[in-house]
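*Asks:* pasting a predicted model and its sequence here:
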Amino acid sequence: QVQLVESGGGLVQAGGSLRLSCAASGRTFNMGWFRQAPGKEREFVAGIAWNSAITDYTESVKGRFTISRDNAKNTVYLQMNSLKPEDTAIYYCAAPRAYTIGVPTTARNYDYWGQGTQVTVSS
């Protein structure tokens, strides 16, 4: 069983930055960040392979967000720069139960989820 705890969300003005953290207990493989805005489906934001060799991003955050991990701390990060009001959502960290080739981009491929952290970007 893997437990995930996110932190780092908050309220920021457009153009600002936030860094989200996801602390994991237990063994993790590839990791992902998802987000869900009110009235919308949960969407993939970014993912990273277990050894950081592969990263993937949804198109709308490329060049603005960076996913990274520190395996010694069993923690994954999401650095978010140039934030926009449309980035407002609850952000979730997720992990699959087993190793997968590549970085999964759909929620059904992830088995463990954190409780989420709210990110609000004001215009």
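*Replies:* Thanks, I have it. Residues are numbered from 1 along each chain as shown.

*Asks:* use CA for all of it now, contacts and neighbours both
*Replies:* OK.

*Asks:* ok, residue 94 touching residue 115?
*Replies:* No. Here residue 94 lies out of contact with residue 115, judged by Cα atoms under 8 Å, at a distance of 9.8 Å.

*Asks:* which neighbours do the two have in common?
*Replies:* By Cα atoms under 8 Å, 6 or more residues apart in numbering, residue 94 and residue 115 have these common neighbours: residue 4.

*Asks:* how close does the residue positioned nearest the centre of the chain get to residue 89?
*Replies:* Central residue of the chain (Cα atoms, centre = their mean): residue 33, 2.1 Å from the mean position. The gap separating residue 33 from residue 89 is 12 Å, by Cα to Cα, to the nearest Å.

*Asks:* so what's the residue nearest to the centre of the chain closest to, chain neighbours aside?
*Replies:* residue 93 (4.7 Å; Cα to Cα, 6 or more residues apart in numbering).
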